[in-house]
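K.L.:
with the input below, show me the fold.
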Amino acid sequence: MLIVVGLIIAFILVLILSNRRTRSCRWRADRRQDGEAGSCFNCMTCGAQVFTSTGKPPLDCVANSPKF
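P.N.:
Model prediction:
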């Protein structure tokens, strides 16, 4: 019984603390394309390609953002 309660609490915490903006994104670093624009990341879910200056994956999903 204690294990079940612990699992339920853990599941609720994951739902609360997870970032909904990137929940479906699966970012992978592509070091071959790193350069002056920054570190390159590709989303395995939607195919988006993003360059970041921090060296970390993006915090927001760019699949539905407008293309310029």
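K.L.:
now the strands for this structure?
P.N.:
Taking DSSP state E as the test, the strands found in the chain are 27-29, 39-43, 49-52.
K.L.:
got the buried residues for the shortest one?
P.N.:
What it means is strand 27-29. residue 27 (16 or more other Cβ atoms under 10 Å). C-beta coordinates here come from the backbone N, C-alpha and C atoms, glycine included.
K.L.:
for that strand, packing partners?
P.N.:
strand 39-43 (3 or more Cβ pairs under 8 Å, 6 or more residues apart in numbering; DSSP states H and E).
K.L.:
most packed of the strands of the chain?
P.N.:
Of all the strands of the chain, strand 39-43 carries the top mean neighbour count, a mean of 19, counting by mean count of other Cβ atoms under 10 Å.
K.L.:
for that one, give the mean pLDDT please.
P.N.:
Mean pLDDT, strand 39-43: 89.
K.L.:
same check on stretch 10-19?
P.N.:
77.
K.L.:
neighbouring contacts of that stretch?
P.N.:
Stretch 10-19 has contacts (Cβ atoms under 8 Å, 6 or more residues apart in numbering) with residue 59.
K.L.:
could I get the CA-only coordinates of it as PDB?
P.N.:
Output of stretch 10-19 as PDB, limited to C-alpha atoms (Å, rounded to 0.1, in the frame of the first residue of the first chain):
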ATOM      1  CA  ALA A  10       5.700  10.700  -7.700                       C
ATOM      2  CA  PHE A  11       3.500  10.800 -10.800                       C
ATOM      3  CA  ILE A  12       1.700  13.900  -9.600                       C
ATOM      4  CA  LEU A  13       5.000  15.600  -8.900                       C
ATOM      5  CA  VAL A  14       6.200  14.800 -12.400                       C
ATOM      6  CA  LEU A  15       3.100  16.300 -13.900                       C
ATOM      7  CA  ILE A  16       3.400  19.400 -11.800                       C
ATOM      8  CA  LEU A  17       7.100  20.000 -12.300                       C
ATOM      9  CA  SER A  18       7.500  19.000 -15.900                       C
ATOM     10  CA  ASN A  19       7.800  21.700 -18.600                       C
END
